[in-house]
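1. the sequence isn't on hand, but the structure is:
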């Protein structure tokens with residue numbers, strides 16, 4: 001009897017593995033579960049991308065509903081969504097940029113050139129439109145890691161009390177905005 005039970009163990013493991021893989025195969029990669037929904041924004045104090053003497057903290061963002069957009073100039077999808085985000089800003093949506101620098105790693109001897117990045121950002125936003133109230137520079141990815149960011153673009157809809165209401169991975173376009181963000185924004189007004 002014990003031998004028969006031991007012989008079933010590999011089949012049970014195989015069945016569990018198949019269920020796990022099938023769930024991933026038919027899942028939507030843009031519907032990533034985040035543990036941050038319903039929690040407040042992580043505590044942070046980071047510099048402004050365009051003015052290194054200015055710092056932003058989670059406390060500075062309280063009191064208004066806003067969309068936190070994780071982005072970078074290296075990100076082609078971010079470039080595509082900037083005109084639509086600019087349109088949203090024109091409609092009164094407060095959008096805060098969280099600049100995600102993926103190419104900087106001081107452990108490998110990388111040197112960060114802030115003026116070059118600022119010039120690149122100014123040029124890109126001049127061409128596509130500037131949706132941002134301001135941009136936070138997350139050079140060491142501390143806030144991005146605390147938020148569970150896996151890349152760019154990602155978006156977090158945050159209420160007046162700093163609570164994360166919605167997390168979306170991928171670009172925001174008119175269809176995504178109408179389906180996911182507009183209804184939540186109406187609830188928060």
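-> The structure has been received and is ready for your questions. Everything quoted here is computed from the prediction, not taken from an experiment.

2. please enumerate the helices of the protein.
-> Ranges of helices within the chain are 2-26, 76-90, 114-128, 142-147, 174-176, 182-188, based on DSSP state H.

3. which elements pack onto the last one?
-> This points to helix 182-188. Contacts defined by 3 or more Cβ pairs under 8 Å, 6 or more residues apart in numbering; DSSP states H and E place helix 182-188 against strand 154-158, strand 164-169. Every C-beta, even on glycine, is put in place using the N, C-alpha and C of the backbone.

4. just the ones you listed: most buried one?
-> Mean neighbours per residue, mean count of other Cβ atoms under 10 Å, is largest over the helices and strands packed on helix 182-188 for strand 154-158, with a mean of 23.

5. ok, back up a step: what's the closest of the helices and strands packed on helix 182-188 to residue 95?
-> strand 154-158 (9.0 Å; Cβ to Cβ).

6. residue closest to the middle of the protein?
-> residue 154 (2.8 Å; Cα atoms, centre = their mean).

7. just put the helices and strands packed on helix 182-188 in JSON lines and tack on distance to residue 122 and mean pLDDT.
-> As requested, the helices and strands packed on helix 182-188 are exported to JSON lines (distance: least, Cβ to Cβ, whole Å; pLDDT from 0 to 100):
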{"stretch": "strand 154-158", "distance to residue 122": "22", "mean pLDDT": "97"}
{"stretch": "strand 164-169", "distance to residue 122": "26", "mean pLDDT": "95"}
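
8. redo those strands as CSV? Include distance to residue 79.
-> Below are the helices and strands packed on helix 182-188 laid out as CSV (distance: least, Cβ to Cβ, whole Å):
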stretch, distance to residue 79
strand 154-158, 15
strand 164-169, 17
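
9. low-confidence ranges, the protein, go.
-> Judged by pLDDT under 70, the chain has its weakly predicted residues at 1-35, 104-109.

10. the same query, at a cut-off of 50, please.
-> Applying pLDDT under 50 to the chain picks out residues 28, 30-32.

11. rewinding a little: can you give me the separation between the residue nearest to the centre of the chain and residue 71?
-> 9 Å (Cβ to Cβ, to the nearest Å).

12. got it, and residue 142?
-> 17 Å.

13. what about those two, which has more around it?
-> Using other Cβ atoms under 10 Å, the more surrounded residue of residue 142 and residue 71 is residue 71, with 25 against 13.

14. check contacts around the more buried one.
-> 78, 97, 98, 99, 100, 152, 153 (Cβ atoms under 8 Å, 6 or more residues apart in numbering).

15. need those residues in CSV (columns: distance to residue 128 and neighbour count).
-> Conversion of the contacts of residue 71 to CSV gives the following (distance: Cβ to Cβ, whole Å; neighbours: other Cβ atoms under 10 Å):
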residue, distance to residue 128, neighbour count
78, 9, 21
97, 13, 26
98, 17, 28
99, 15, 23
100, 17, 23
152, 15, 24
153, 13, 24
